[in-house]
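Student: Sharing a model prediction with you, sequence too.
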Amino acid sequence: MLGVEAFAQFEHMHTGERRVRAVGELKGVPQEVREAIDFLDGANTPLHAYRTAAKKVSDGAQRQPLLLDGMVEFIGSDGERVMAANQNTTWVSAVVAGDEQITVQISVFCSDSKPNTDPPGQLCKSNPPMIESFNFFVSQNERTPALTSASSPDSLKCEGNVCELVISAGIRNFEATTVRVQPVFAPGSTIYTSAASLPVFAQPFVTPHFLRTLYGVPRSLDAGRTTTASTTKNRQAVAEFLNQYYSPTDLAVFLEQMGLDKDEAMGVQLVGPNDPKNPGGEATLDIETILGVASGIETWFWSTAGNNPDGNPNQEPFVKWLVAISETPNAPWVHSVSFGDKEENLERSYMDRMNTEFAKAGVRGLSIMIASGDYGVASNGNSSTVAARCMESHPEFPACSPYITSVGATQLSTDSTPICAAQSRLRGGPVTCQPAEVVCSASRGGVITSGGGFSRLYARPSYQEAAVKKYIDTATMPPPHFYNMNGRAYPDVSAYGTFFLLVQDNKFVSLSGTSAATPTFSGIVSLLNDVRIAQGQQPLGFLNPWLYQVAASHPEAFNDIVNGDNKCTVNNEGCCAHGFHAQRHYDAVSGLGSPRFPVLARLAAQGLDAPYPEYESMTPREIRRAREALAEAEEAHDNASKAYTIGVTGLVFALIGVVVIAFLLLRVRRVLSQNDYQPAQGSHQLLAA
């Protein structure tokens, strides 16, 4: 209930009419609502709250609640909606985006703020007024008129006081979607829920086939096993900490549902503890993703118990894991790590020891990929508020170690280039762009925001000096105090990282993060190693020097991410004023870009001087245009050849005609000239003897 400290009488300065108005502090009203109310009218009648100016409800993100608890709208006699507190409260508790659909969850409370206990079709019957129906107002990119859907309570799926409705009609992927819900109470009631709004972005769910298609893994590798003979030598692993476990049963169901070989789930090599009855989201995401991308390759689930002995209980025992790897002769060539800490929270000696072990692993031929973090430039640092964390960048470790490959996250968006992002208009219409990769950000509905920036402790390694210097010299950078411009820049590369469809605890779930991007890129590296091993070559080992050389000499080996930034954090926590922006070539939020497998495979197998095969690194649109241009050129060539043949034939016949005519003319002239000779006067005829 709404609480008011005191009331006072107010007299109208012109009419003399007196009214009782609330004064003093409003108790039990959320701060954001209190700031939006200028005054309250009435004491013995329901209170009406008035606003002299509209106050924007802060934007949210996937799976975040839309709520102004306990606040409803009154419809005044003039039709104006005003907000006030009321006993009947209903609000949208979550809006969850799917593929061309959204799911709206509604928390239903009845009189005296009691949660609904009645079945669908009779919501709040025990505590009237009863809810007769709901009105759903859905709009995308602020388009009008809004999509409207009306639903009776019995058409909702309800459990307790939480009801759910799936809306799919007219929902388009990659567009900001705003939802408003208004319950319609029994006749005679005029109250509606507050019209809070929350933009979400419907997006396609990500499957292994989606990822392999996106990055050009050939169909010969889609069937769940490679075309090479190297599978007995090639190995990959996911590293797990802090009691993250997986279920082999979930993995088998996932592989089968994705059209892969479910028997591979039984072939996973387990190192360390595992509790199949308590599968964790992180471990499930890692093992299902890497096997989905690089199926057919021997996979290890490497679990390390305990925590960092020199840190807090929430820090991973990285050194313990690395020492175990160094003591394992046949350790996998590729390791995917979706864990990390704040550089500022770890002891320098501990990080130095980790770097030593990372370097040793690289010399052995091992490739270690580390997630760049999910909280953007602010990270989830030590400060309790986003504003405090935004005062400076907070790099992640070991993501910013010079001896590993750091992986950022991308997502699809229709504003992948500046002309699309700016919503430019041409001849009265919007510029329509096809979905392409951008930096994964909560501001676009990506759930998380990809981490990236510069180490404050470790200097920039030589292998990335030229690329990073160009970035600093050409990009719009944060102020100098915000980051260490001489530090090791990260991430090195990126891969898709949101809306991954998985099986966890025998249910389909959707998870997002650089924790998804890292096993995706790691699977690509395993396939590159497969190509090399099949040709009798060694695995790639520490990737970074090779990756930066490839980017410099063969930029077509990466999908260049040119739009997005990492100013925001996760979900609806907020955004910083500064961050790192994507641009052409290397940047400190998407790295060198995402992989183009056909080009990388050719370069990994044949070296940087490998010949450039036709179409290999082109996008489908570029291939289509090239083929169309080639067809046009061939058609023009054919037409020219036909014209040339006709022309030559005509010329030959013309020359023959000229010769014949000339011969005839000469003969005629000779005959005519002979007829011109007449006998001369006085001449005698000579007779043969």
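Tutor: It's in.

Student: show me where pLDDT drops low in the stretch 151-300 of the chain?
Tutor: Within the stretch 151-300 of the chain, the stretches with pLDDT under 70 are 152-154, 187-199, 220-232.

Student: Strands of that one, start to end?
Tutor: For the stretch 151-300 of the chain, applying DSSP state E, counting those that start in this stretch gives strands covering 157-159, 162-167, 176-185, 191-193, 199-201, 235-240, 269-271, 298-303.

Student: most tightly surrounded among the ones you listed?
Tutor: Among these, strand 235-240 has the highest mean neighbour count (mean count of other C-beta atoms under 10 Å), at a mean of 27. C-betas here are computed from N, CA, C, even on glycine.

Student: Quickly run through the sheet partners of it, with directions.
Tutor: Sheet pairing here is set by DSSP bridges, and for strand 235-240 it gives strand 298-303 (parallel), strand 334-337 (parallel).

Student: Tell me, how many residues neighbour Phe542?
Tutor: Neighbour count for Phe542, taken as other C-beta atoms under 10 Å: 21.

Student: Please renumber the chain so that the first residue is 706 from this point on.
Tutor: With 706 as the first residue, the last one maps to Phe1247.

Student: can I get the strands of the stretch 856-1005 of the chain in a markdown table with distance to Val922?
Tutor: As requested, these are arranged in a markdown table below (distance: least, C-beta to C-beta, whole Å):
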| stretch | distance to Val922 |
| --- | --- |
| strand 862-864 | 38 |
| strand 867-872 | 33 |
| strand 881-890 | 32 |
| strand 896-898 | 48 |
| strand 904-906 | 26 |
| strand 940-945 | 15 |
| strand 974-976 | 23 |
| strand 1003-1008 | 17 |
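
Student: To Val1294, which of those strands lies closest?
Tutor: Val1294 sits nearest to strand 904-906 of all those, at 18.9 Å, using C-beta to C-beta.

Student: And for the nearest residue to Thr808 once chain neighbours are set aside, the neighbour number?
Tutor: The shortest distance from Thr808 to any residue other than its chain neighbours is 4.6 Å, reached at Val801 (C-beta to C-beta, 6 or more residues apart in numbering). Counted with other C-beta under 10 Å, the neighbours of Val801 add up to 17.

Student: cool, and Pro1166?
Tutor: Counted with other C-beta under 10 Å, Pro1166 comes out at 16.

Student: Relative to Ala1194, how far out is it?
Tutor: 9 Å (C-beta to C-beta, to the nearest Å).

Student: Mind listing the shared neighbours of those two?
Tutor: Applying C-beta atoms under 8 Å, 6 or more residues apart in numbering, one finds that no residue jointly contacts Pro1166 and Ala1194.

Student: The residue nearest to Ala1141 when sequence neighbours are not counted: which element?
Tutor: Once flanking residues are discounted, Ala1141 sits nearest to Ser1121: 3.6 Å by C-beta to C-beta, 6+ apart. Under the criterion DSSP states H and E, no helix or strand holds Ser1121.

Student: Touching, Ser1121 and Arg1149? I think so.
Tutor: No: using C-beta atoms under 8 Å, Ser1121 is not in contact with Arg1149; the gap is 10.7 Å.

Student: what is in contact with the two at once?
Tutor: Counting by C-beta under 8 Å, 6+ apart, the common neighbours of Ser1121 and Arg1149 are Val1143.

Student: what's the burial count for the residue nearest to Ala1141?
Tutor: 24.

Student: Would you mind measuring from it to Glu1142?
Tutor: Note on Ser1121: its distance to Glu1142, by C-beta to C-beta, is 7 Å.

Student: cool, and Val998?
Tutor: Using C-beta to C-beta, one obtains 16 Å as the distance from Val998 to Glu1142.

Student: Would you map the helices across this protein?
Tutor: For the chain, the helices defined by DSSP state H occupy 736-739, 913-919, 953-962, 986-998, 1023-1031, 1053-1068, 1091-1094, 1123-1126, 1170-1179, 1219-1239, 1249-1258, 1302-1311, 1325-1380.

Student: List of residues touching the third one?
Tutor: The reference is to helix 953-962. 929, 966-971, 973, 981, 984, 989, 992-993, 996-997, 1000, 1207-1211.

Student: again with the second one
Tutor: Around helix 913-919, the neighbours that count as contacts under C-beta under 8 Å, 6+ apart are 909, 922, 926-927, 963-965, 994, 997-998, 1000, 1200-1201, 1225, 1299.

Student: ok, now which ones touch the residue lying closest to Thr1203 once chain neighbours are set aside?
Tutor: Closest residue in space to Thr1203, ignoring its immediate chain neighbours: Ser1217 at 4.0 Å, by C-beta to C-beta, 6+ apart. Residues in contact with Ser1217 (C-beta under 8 Å, 6+ apart) are Gln767, Ala1114, Cys1145, Gly1151, Val1152, Ile1153, Gly1202, Thr1203, Phe1204, Phe1205.

Student: Surely Pro1260 and His1290 touch.
Tutor: Yes: Pro1260 is in contact with His1290 according to C-beta under 8 Å; the separation is 7.2 Å.

Student: how about low-confidence regions in the stretch 1206-1355 of the chain?
Tutor: For the stretch 1206-1355 of the chain, the ranges with pLDDT under 70 are 1277, 1314-1355.

Student: could you redo the last one with a cut-off of 90?
Tutor: Scanning the stretch 1206-1355 of the chain for pLDDT under 90 picks out the ranges 1214-1215, 1239-1241, 1273-1282, 1311-1355.

Student: distance of the residue nearest to Thr1203 from Phe1204?
Tutor: With C-beta to C-beta as the criterion, Ser1217 and Phe1204 are 6 Å apart.

Student: contacting residues for Gly1157?
Tutor: Applying C-beta under 8 Å, 6+ apart, the residues near Gly1157 are 1077-1078, 1082, 1113, 1195-1196, 1271, 1285, 1292-1296.

Student: follow-up on the earlier one: and the contacts of Ser1217, which are buried?
Tutor: Buried by 16 or more other C-beta atoms under 10 Å: Gln767, Ala1114, Cys1145, Gly1151, Val1152, Ile1153, Gly1202, Thr1203, Phe1204, Phe1205, out of the contacts of Ser1217.

Student: Where is pLDDT lowest across these?
Tutor: Among those, Gln767 carries the lowest pLDDT, at 35.

Student: circling back: widest-spaced pair of the contacts of helix 913-919?
Tutor: Gly964 and Ser1299 (23.1 Å).

Student: More neighbours: which of those two?
Tutor: Under the neighbour definition other C-beta under 10 Å, Gly964 and Ser1299 were set side by side, and Ser1299 has more, 25 against 14.

Student: Around the nearest residue to the more buried one once chain neighbours are set aside, how many other residues sit close by?
Tutor: In this structure, Ser1299 finds its nearest non-sequential neighbour in Asn1264, 4.5 Å apart by C-beta to C-beta, 6+ apart. Neighbour count for Asn1264, taken as other C-beta under 10 Å: 22.
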